[in-house]
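Trainee: What follows is a predicted structure for the sequence shown.
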Amino acid sequence: MADIETLGIVDEIQTLVSDKLQVVSYKWLSRNFLVSSDSAKRLLQEFVEKHGNGLEVVYSLSGWLKDSPSTYHIKLVSSANLAEAKKEFSDNCSVQVYSVQACIPKDPVALWNAEFVQAEELFRQSLSVDNCLLDNRFCGVSNPFIKRNGGGTIPSTTAVPQVKTEALGLRKSNSTAQVQPEQKKVQLPSPSASVPSSHVVDPKSESRGSSGPGQGSKLVADKDKVAQLPAAKKAVQSDKSSKNGGALANMWGRVPTKPKADNVSAATSDATPNTFGNAAQICAMEGVEDRISDDDDQQVSIRRTSNGEGNRKRRVIFDFSDEEDEFKDAVNLASPDLPKQKSISGSKQTPSSPELQKQEDKNAKEAGSKSHEQERKPLPISEPKKSKLYSSEIISEHASIKNAALKDEVADAAPISPKRRKVLKTRVDERGREGLLEQS
Amino acid sequence: MEVDSENNLFQRKQSLYQSLDESFGIQKEVYRGQQYSQIYFARLHLMRTLLYSLVPNWKSHLPVCTILGLEEGKECIIVGTLYKYMKLKPSILDEYSKERSASPLVQRHNFMHPDDNLVLEDESGRVKLSGCLLLPSKYVTGIIIALHGKETSAGDFLVDDILEAGLPQQIERPIQLGEDKYVVFISGLSVGRSSSNPLQFQLFVDHITGHLGDEKEQNIAAQIVQVVIAGNSVEVPHGLLNGQNLGSKDQSRLFEPIKELDILLTQIAASIPLDIMPGSSDPANFSLPQQPLHRCLFPGSSAYNTFRSCTNPHCFELDNIRFLGTSGQNIDDLGKYSEANNNVEFMERTLRWRHLAPTAPNTLGCYPFTDRDPFYVETCPHVYFVGNQDKYESSLIKGSEGQMVRLICIPRFAETGVAVVVESHGANRYALC
């Protein structure tokens, strides 16, 4: 199995590097394909041995320096300078492939960029979602004592698979078994129900009396049910609700105060039955507030818009690889829906085929709003670096479209020149966004 | 799926951490318009008691007098606060004076002048110090010392000998168990500066978190038990802050560096215990002791139990090894008002004076404490570090009672790419990118 996987990844690298001119660093590889850093380095090594011709390889050299023995030096060198650089080091330095790319970028920051954008993407995921950035699971050194109060217990390397399967199990029961989840489903506060514009067809969420716009009351109702749930799931749940509140706030755009208040009440009411998730929820809440305040400061930079698109597409890749995982676990959802939206697909519960179409629609919509949310987030990379890389990034983004569900939307978005997008944002801003939401 | 790698994972070493920052916190203090006299008084009172206790061992035959009680020609010991009269010390009044002073109002890196002289004062009065033993270039305002000498006919005090407080007592170093544990110090990350290279920091992060390198390197990384970031982690664009309300676009520009830092710190905190101290360019209060950076600035990394936001003079113990350090303001200020061959020498002086920041509150911003002087060094650290220096320096000093202190100047990472890794027992190395 491993071999097959390896082959697949090596092919993937080939296309990424030579066709899309992307810098593939070992960390990017490890996060993207969910392999450990070490195996990612091995993969790259293999790749270089097999298809290395015509590509530039950057090696990381590290070891003690010859002329000052108390200095541990880490250096990135291109393959041309490798032999020379080795001389600086005392005998046994480690040489490993750091990244593979079509050409050596002038600015070394370019090596870092793809990786950072990816890290940012992972970072942006809500606090209770485990991902490889937040638990550092792919490194070579484990530290089981580290706890994150975001998502309850976590991230020792050994614990990760369990957490994951738990999450999967949760989802499995939601999506496949119809009868059982009666109480389980309660924990997912059907985000669609609280987004006012989405026409929910789900009888269950309606039966919970959540069809009205009175979000607060609904949450109170939720709270009772929530109280019985185990902590970890709780955290997920609360996070979902807050996230969904963020989306809500985004939709209402200009009147952020009210949804914010709702959010606060949501988080606090959720927190009451459970003491130890408290801080996390506050954190989550703050995250939401951030998002809301970001909402106020519409940034009109071209770069950012393009990045938002990038995120959307990158997310697609991600989902793709995740999907493979699920195949292994034999949880086929029959629709290429996004794993990150577990809550949505779970709560909507539409197993019958005619409904599927609708669900897909909704997913697309949700994705739309989500990517919007991301668009608005500022990128903490200083501008000059970014703009330098801009063109190449766009190229790589174009290429990474994979998911059928989003394809047309992406295709729509991609060819829009950044300038046009800018106009849209500055002028129609609120309207424009809402329009886009409804379109998709 | 990643089972293969799990077999040969290194386990990160652990150590017992104890924070000793309480004295640097500003919690119960109330500002009632108090001036700085009280902190000087507290300092004088505290250190004079200490020096008095040392005098019998030093020169027991000599009488101790106050400055007012000095008699011409009589040898005695006086204890008081030094004040350094400096011709070039910038004064706001100079800018408004009618006749321009002879010295030009230029920015200099150092305000030293050959005519500088020292004055010693206590509650009773002040006396000008003379004699070639006491070099004005070495001392600064705010130090408490004991002097042996006699008053001359000119009314000066001729100094024959000097007694400094010396290194304080040190808690006993635990017996080494043969286990190597390392602490990483890094400062001056300056995330968000246009000239800084984020790849460098990323490599550093990858190294210490155990992503980079082969097994040997990861084994080294696994021995790192603590990361300390000694100030100046971000560089927010100050041009934006002009007293006006910020536009929404500018707000996000202001916030971007902090968010980038948070993402990188998250990667560290997910792997190693992390202390972050505020520095002069960080979004913290200006005056010492700087209070911890607010957790809300780091929504991602502050979720970890390994993340600690600390005060600026920062003191902690790891496995009963005591660490003390600042983000560099105290040493930078000493460099402006006194001279030394290198920064390690400044550091050594502050330890021997038993005071982290003697120039506070004279030329260094400081909270007007009323009842205590938090910068007094009560217990000698084993490792004393100062962030944001020009280059890496290190030395080992020994005290009279067998104290051993490792002094470390941590260079600015954004400029030099050097972080300092200190073994808790002395040997050290530094990592370059």
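Mentor: Structure received.

Trainee: just the strands in the stretch 151-300 of chain B please.
Mentor: B:157-163, B:182-186, B:224-230, B:274-277 (DSSP state E, counting those that start in this stretch).

Trainee: Export those as TSV, with columns for mean pLDDT, distance to chain A and mean neighbour count.
Mentor: Just so you know, the C-beta spots here come from the backbone N, C-alpha and C atoms, and that holds for glycine as well. Output for the strands of the stretch 151-300 of chain B, formatted as TSV (pLDDT from 0 to 100; distance: least, C-beta to the nearest C-beta, whole Å; neighbours: other C-beta atoms under 10 Å in any protein chain shown):
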stretch	mean pLDDT	distance to chain A	mean neighbour count
strand B:157-163	87	35	18
strand B:182-186	87	11	25
strand B:224-230	88	9	26
strand B:274-277	90	10	26
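
Trainee: so who does B:L318 touch?
Mentor: With contact set as C-beta atoms under 8 Å, 6 or more residues apart in numbering or on different chains, B:L318 has these partners: B:S15, B:L16, B:Y17, B:Q18, B:K181, B:V183, B:V225, B:Q226, B:S424.

Trainee: where does the closest residue to it other than its chain neighbours land on pLDDT?
Mentor: Closest residue to B:L318 apart from its sequence neighbours, by C-beta to C-beta, 6 or more residues apart in numbering or on different chains: B:S15 at 4.9 Å. At B:S15, the model reports a pLDDT of 79.

Trainee: How many residues are close by B:S15?
Mentor: Neighbours of B:S15 under the rule other C-beta atoms under 10 Å in any protein chain shown: 16.

Trainee: wait, isn't it in contact with B:Y182?
Mentor: No. Look at B:S15 against B:Y182 with C-beta atoms under 8 Å: they stay out of range, at 10.1 Å.

Trainee: quick one: B:V30 from B:T370, how far?
Mentor: Distance, B:V30 to B:T370, by C-beta to C-beta, to the nearest Å: 9 Å.

Trainee: Pick out whichever of these two has more residues nearby.
Mentor: Ranked by neighbour count (other C-beta under 10 Å), B:V30 and B:T370 place B:T370 first, with 16 against 6.

Trainee: quick one: that one is in a strand?
Mentor: No. Under the criterion used here (DSSP: H, G, I helix; E, B strand; the rest coil), B:T370 is coil, not part of a strand.

Trainee: residue contacts, it?
Mentor: When contacts are counted by C-beta under 8 Å, 6+ apart, B:T370 touches B:E29, B:Q34, B:Q38, B:I39, B:A42.

Trainee: Give me the buried subset of those residues.
Mentor: Among the contacts of B:T370, those that count as buried by neighbour count (16 or more other C-beta atoms under 10 Å in any protein chain shown) are B:I39, B:A42.

Trainee: what would the contacts of B:T370 look like in JSON lines with secondary structure, distance to chain A and pLDDT?
Mentor: Formatted as JSON lines, the contacts of B:T370 follow (DSSP: H, G, I helix; E, B strand; the rest coil; distance: C-beta to the nearest C-beta, whole Å; pLDDT from 0 to 100):
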{"residue": "B:E29", "secondary structure": "coil", "distance to chain A": "27", "pLDDT": "78"}
{"residue": "B:Q34", "secondary structure": "coil", "distance to chain A": "35", "pLDDT": "84"}
{"residue": "B:Q38", "secondary structure": "helix", "distance to chain A": "38", "pLDDT": "87"}
{"residue": "B:I39", "secondary structure": "helix", "distance to chain A": "36", "pLDDT": "87"}
{"residue": "B:A42", "secondary structure": "helix", "distance to chain A": "37", "pLDDT": "89"}
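
Trainee: which one of the contacts of B:T370 sits closest to B:Y392?
Mentor: The closest of those to B:Y392 turns out to be B:I39 (C-beta to C-beta; 32.8 Å).

Trainee: my read: the closest one touches B:P361, true?
Mentor: Yes. Assessed by C-beta under 8 Å, B:I39 is found in contact with B:P361 at 6.2 Å.

Trainee: Overlap in contacts, those two.
Mentor: Common contacts of B:I39 and B:P361 (C-beta under 8 Å, 6+ apart): B:P368.

Trainee: Burial check on B:A146, number of neighbours?
Mentor: Neighbours around B:A146, by other C-beta under 10 Å: 24.

Trainee: quick one: pLDDT of it?
Mentor: pLDDT for B:A146: 89.

Trainee: ok, now A:L16?
Mentor: For A:L16, the pLDDT comes out at 74.

Trainee: Kindly report the same for B:C310.
Mentor: 90.

Trainee: Next, B:S23: secondary structure please.
Mentor: helix.

Trainee: hmm, back to that, next one: phi and psi at the residue nearest to B:L318?
Mentor: In terms of degrees, to the nearest 10, the main-chain angles of B:S15 are phi -150, psi 160.

Trainee: Sketch out the strands for the stretch 51-200 of chain A, chain order is fine.
Mentor: A:56-64, A:71-78, A:94-101, A:141-142.

Trainee: Quick one: those as JSON lines, columns for mean neighbour count and mean pLDDT too.
Mentor: Listed next are these as JSON lines, based on neighbours: other C-beta atoms under 10 Å in any protein chain shown; pLDDT from 0 to 100:
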{"stretch": "strand A:56-64", "mean neighbour count": "21", "mean pLDDT": "80"}
{"stretch": "strand A:71-78", "mean neighbour count": "19", "mean pLDDT": "80"}
{"stretch": "strand A:94-101", "mean neighbour count": "22", "mean pLDDT": "81"}
{"stretch": "strand A:141-142", "mean neighbour count": "22", "mean pLDDT": "71"}
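
Trainee: Could I get those strands in CSV, plus columns for distance to B:Q218?
Mentor: Shown next, in CSV, are the strands of the stretch 51-200 of chain A (distance: least, C-beta to C-beta, whole Å):
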stretch, distance to B:Q218
strand A:56-64, 11
strand A:71-78, 13
strand A:94-101, 9
strand A:141-142, 6
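
Trainee: Now the ones you listed in JSON lines, please, with extra columns for distance to chain B.
Mentor: Supplementary listing: those in JSON lines, determined by distance: least, C-beta to the nearest C-beta, whole Å:
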{"stretch": "strand A:56-64", "distance to chain B": "5"}
{"stretch": "strand A:71-78", "distance to chain B": "5"}
{"stretch": "strand A:94-101", "distance to chain B": "4"}
{"stretch": "strand A:141-142", "distance to chain B": "3"}
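
Trainee: Quick one: closest of those to B:Q403.
Mentor: Closest of those to B:Q403 is strand A:71-78, at 27.8 Å (criterion: C-beta to C-beta).

Trainee: contacting residues around the closest one?
Mentor: Counting by C-beta under 8 Å, 6+ apart, A:56-65, A:85, A:88-89, A:98, A:104, A:108, A:111, B:199, B:203-204, B:207, B:212-213, B:220, B:421, B:429-433 sit against strand A:71-78.
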